[in-house]
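[1] Sharing a sequence plus its predicted fold:
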Amino acid sequence: GGREAGGQGTEEGEGKSEDAEAAEAHAGEDSTEPVESPESAGVCSAEGGGSDCSDSEEAVAACHAGVDEACPPPRDGAGAPASGGNDSGNSSAAEEPDFGWKRVWSGPPRHKEPEQPIRPKRQRTRYPEIDNAIAQATVYVINLDGSKDRWRHMQVQGTRARTTLERFPAVSAADVASGKYADYLTMGLDETCQAYDSVRPNMTNKTVGCWLSHVTLLEHISKKHDPSEVVVVLEDDVKMGVYWREHLRNLVNSAPPDWALLRLGFWGTQRREDAVNGFWLKPKGPFKVGKTYFYASTLAQMYRVDQIPRVLRRIRSQTVGDIDSKLMWNEEVSFYSLVKKFHRDVFLPDRAMTIRSDRVTKF
């Protein structure tokens, strides 16, 4: 019996020694190796895949098979996005900080629609008769017969602004040179106009043609229209505001009541001391100081028809030259100009059209 007990004890000791050897062998291995979880094994935690994928390239390929575009790109062992096999050892790439997953490209940026003009609110008018006249005002466009591109440009502007335009043929430099309008030039040319030919060929005759175009149009308006009307005169290189008529009816409320002519757009400089109020200025001379022009251009003007004879007398009493320099404020006839920041609501000079069409127009 004792021998059997000793044999059994010997068997137990041998069994324990085998367990101890297995434990010692296991202890010699790296006991810090983590147990693989479903996430680390490459299995998505969300149903059908998604953004909770592992960083393993094999797991991404196995899980999504290139279908789920929202799955982030595979990463290398350092935690940064894989370099695509380029092991050139670029130091700048190694220094780049890890900002997390890159956003998936969703296509080119959407086209931003241009801001649509806003129709202004009607203000209570101080001058009902002028307000009604502006609503029905005829709009003339001075245009040379050879400037067909400019006329098309103005027709597009008129359609956009829901305005019917009436074309008036301008006087060309060739007509001036022919002596057809010699009766209008009895006062002679001013010094500036005479010197234009030294700056640009045939410029003097072009300047005189512009002067004659405005004068002959004013004579036409004075004969054709009722004295109670107002008319708008445009040159053919203008950008028209979509709601210019509505804006103008509001702006006229603040204009001095004695106005005969309102200049609705110009280029050059305005003087602070010429301000009548926050909307209108008295365009006083001098017209030019050094290389700086003041209140230059007659691109957009509005006339009271009953005041046009006085305006014509004022123009014809001066020497012939730039028409805008002859329409400056004086005690006899009241001329006013709109402050520049309001030009965008009514009329702006289109310098691109001026430069482009001057290259092709035959005067």
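    Cool, the structure landed.

[2] tell me the pLDDT at the nearest residue to residue 157 once chain neighbours are set aside?
    Leaving aside its sequence neighbours, residue 157 sits nearest to residue 240 (C-beta to C-beta, 6 or more residues apart in numbering; 4.4 Å). Where you see a C-beta, it was placed from the backbone N, CA and C, and this is true even at glycine. Looking at residue 240, its pLDDT stands at 90.

[3] isn't residue 133 right up against residue 225?
    No: using C-beta atoms under 8 Å, residue 133 is not in contact with residue 225, being 10.3 Å away.

[4] Which residue of the two possesses the greater neighbour count?
    With neighbours defined as other C-beta atoms under 10 Å, residue 133 and residue 225 compare such that residue 133 has more, 20 against 17.

[5] That one and residue 181: what is the separation?
    To residue 181, residue 133 is 31 Å away according to C-beta to C-beta, to the nearest Å.

[6] again with residue 218
    According to C-beta to C-beta, residue 218 stands 14 Å off from residue 181.

[7] Have a look at these two and say which one is more surrounded.
    Per other C-beta under 10 Å, whichever of residue 218 and residue 181 has more neighbours is residue 218, with 20 against 16.

[8] got the contact list for the host helix or strand of that one?
    In this assignment (DSSP states H and E), residue 218 forms part of helix 203-224. For helix 203-224, contacts defined as C-beta atoms under 8 Å, 6 or more residues apart in numbering pick out 140, 142, 168, 170-177, 181, 184-185, 189, 193-194, 196-197, 231, 233, 298, 303, 305, 308-309, 311-312, 315-316, 320-323, 326, 363.

[9] do stretch 160-170 as well
    Under the contact criterion C-beta under 8 Å, 6+ apart, stretch 160-170 has outside partners 138-145, 147, 151, 154-155, 157-158, 209-210, 213, 217, 220, 234, 240-245.

[10] Name only those of these that count as buried.
    Among the contacts of stretch 160-170, the ones that count as buried by 16 or more other C-beta atoms under 10 Å are 138-144, 147, 151, 154, 157-158, 209-210, 213, 217, 234, 240-245.

[11] Among those, which are located in strands?
    Residues of the buried ones among the contacts of stretch 160-170 located in strands (DSSP state E): 138, 139, 140, 141, 142, 143, 234, 240.

[12] which residue packs closest to residue 229, ignoring adjacent ones?
    Counting by C-beta to C-beta, 6+ apart, the residue nearest residue 229 is residue 305, at 4.8 Å.

[13] export the ones in strands among the buried ones among the contacts of stretch 160-170 to JSON lines and tack on distance to residue 290?
    JSON lines is the format used below for these (distance: C-beta to C-beta, whole Å):
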{"residue": "138", "distance to residue 290": "39"}
{"residue": "139", "distance to residue 290": "35"}
{"residue": "140", "distance to residue 290": "34"}
{"residue": "141", "distance to residue 290": "33"}
{"residue": "142", "distance to residue 290": "29"}
{"residue": "143", "distance to residue 290": "33"}
{"residue": "234", "distance to residue 290": "30"}
{"residue": "240", "distance to residue 290": "32"}
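
[14] Contacts only, for the residue nearest to residue 229.
    If a contact means C-beta under 8 Å, 6+ apart, then residue 305 has 221, 222, 225, 226, 227, 228, 229, 230, 231 as its contacts.

[15] quick one on the thing from earlier: now intersect the contacts of helix 203-224 with the helices, please.
    Using DSSP state H, the members of the contacts of helix 203-224 that fall in helices are 173-177, 193-194, 308-309, 311-312, 315-316, 323, 326.

[16] Per-residue pLDDT of residue 291, please?
    Note on residue 291: pLDDT of 86.

[17] next one: residue 161
    Confidence score, pLDDT, at residue 161: 91.

[18] Give me the below-cutoff pLDDT ranges for the stretch 51-200 of the chain.
    Applying pLDDT under 70 to the stretch 51-200 of the chain flags residues 51-120, 122-124.

[19] Please repeat the previous calculation with a cut-off of 90.
    The model of the stretch 51-200 of the chain has pLDDT under 90 over residues 51-132, 135, 191-200.
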